[in-house]
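S.K.: build me a model:
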Amino acid sequence: MAKASSLVGKLEIDVEIKASAEKFHHMWAGKPHHVSKATPSNIQDCVLHEGDWGKVGSILIWNYVHDGKEQVAHERIEAVEPENNLITFRVLDGDLMKEYTSFVTTIQVTPKHGGPGSIVHWHLEYEKISDEVAHPETLLQFCIEISKEIDEHLLAEEEEVKQTETSSLVGKLETDVEIKASAEKFHHMWSGKPHHVSKATPGNIQDCVLHEGDWGKVGSILIWNYVHDGEAKVAKEKIEAVEPDKNLITFRVIDGDLMKEYKSFVFTIQVTPKDGGSGSNVHWHLEYEKISEEVAHPETLLQLCVEISKEIDEHLLAEE
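M.R.: Numbering: from 1, shown residues only. The predicted structure follows:
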């Protein structure tokens, strides 16, 4: 009995990761064939030999590199506990069976208390075929490396998803409107006397009040009352940039009806004199981030900008 007990052993290690316990567990239970993507130098392949992914009794064949050698392991899933983020594999055949009469690996992932991230607990239980066989410390080190690389892979996937989600919510719309008025006069209407815009386009804009600062000064805040899609609306906007030499002004919406559907909304109006003739070109640039996919891109708001531009143009020409 003493002899047998010297052959039986177990090794355990905890690895801290940043990924969630559920995602790390799912990599082993739901998609172990993706592990090779996360740690290709350690694990080359995982093939479903019998059964279904993540089901007790199913058999997987792993191709991996350990101690610099290519090796194979046939493993049966002995236990799966999704509520505990636990999975157990028993080696049935392959290179490990040349040195061990039994080899069982249990991976359990626990969320960290009071913060993000998780703890991966590896538990190796085995029986060596003889005392000459070393305890599998190098295999435990192998488990640590795999854990860290899977963690990096999962975090990179999360970031990619975030960027995809964000990119689908972020947008910009641009349009050019030809006008007959001079670039300077049109720009001055927005920077120097935006409270006069309502006189030019009363059906669209009813009022513009200086809430803070000075007309046409960066940092100043204006409150607009306007009609969009047939509804009376309000926008509180901060002047973010004014470049008189380029006839450019930028407004950032900081409160009001648009903020019900957008996390951010910025208008830039730049007016350029036409080459070789009278008149100008008004370039509207709308940059925004929607709060969800359900929110429409603001094409109707861009159309409102076009209408306003034309009515301001008529007003300026009538003043001349």
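S.K.: pLDDT below threshold where in the stretch 1-150 of the chain?
M.R.: Within the stretch 1-150 of the chain, the ranges that satisfy pLDDT under 70 run 1-5.
S.K.: residue boundaries of the helices in it?
M.R.: Taking DSSP state H, counting those that start in this stretch as the test, the helices found in the stretch 1-150 of the chain are 2-7, 21-29, 35-38, 137-169.
S.K.: what do you get for the stretch 151-300 of the chain?
M.R.: 183-191, 197-200, 299-319.
S.K.: buried deepest among the ones you listed, which one?
M.R.: helix 183-191 (a mean of 20; mean count of other CB atoms under 10 Å). Quick note: C-beta positions are derived from backbone N, CA and C, even for glycine.
S.K.: pLDDT (mean, whole number) over that one?
M.R.: Per-residue pLDDT over helix 183-191 has a mean of 96.
S.K.: quick one, it and helix 299-319 angle?
M.R.: 120 degrees (axes from the mean of the first three to the mean of the last three CA atoms, to 10 degrees).
S.K.: domains of this protein?
M.R.: Each domain of the chain is listed here as a residue range: 2-167, 180-319, per automatic domain parsing.
S.K.: and these: which comes nearest L173?
M.R.: Proximity to L173 (CB to CB) singles out domain 180-319 among the domains of the chain, at 4.5 Å.
S.K.: distance between the ends of the closest one?
M.R.: 13 Å (CA to CA, to the nearest Å).
S.K.: for the stretch 151-300 of the chain, which segments count as strands?
M.R.: 170-179, 205-212, 221-228, 231-243, 248-256, 262-273, 280-290 (DSSP state E, counting those that start in this stretch).
S.K.: rewinding a little: adding distance to I87, write the helices of the stretch 1-150 of the chain out as TSV.
M.R.: Formatted as TSV, the helices of the stretch 1-150 of the chain follow (distance: least, CB to CB, whole Å):
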stretch	distance to I87
helix 2-7	26
helix 21-29	5
helix 35-38	12
helix 137-169	13
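S.K.: deepest of the ones you listed, which one?
M.R.: helix 21-29 (a mean of 21).
S.K.: now do that one against helix 137-169, angle only.
M.R.: Using the same axes, to 10 degrees: helix 21-29 against helix 137-169 is 120 degrees.
S.K.: starting at the chain centroid, how far to helix 21-29?
M.R.: 20 Å (CA atoms, centre = their mean, to the nearest Å).
S.K.: burial count for the residue nearest to V197 when sequence neighbours are not counted?
M.R.: Spatial nearest neighbour of V197, excluding adjacent residues (CB to CB, 6 or more residues apart in numbering): I205 at 5.2 Å. By other CB atoms under 10 Å, 21 other residues sit near I205.
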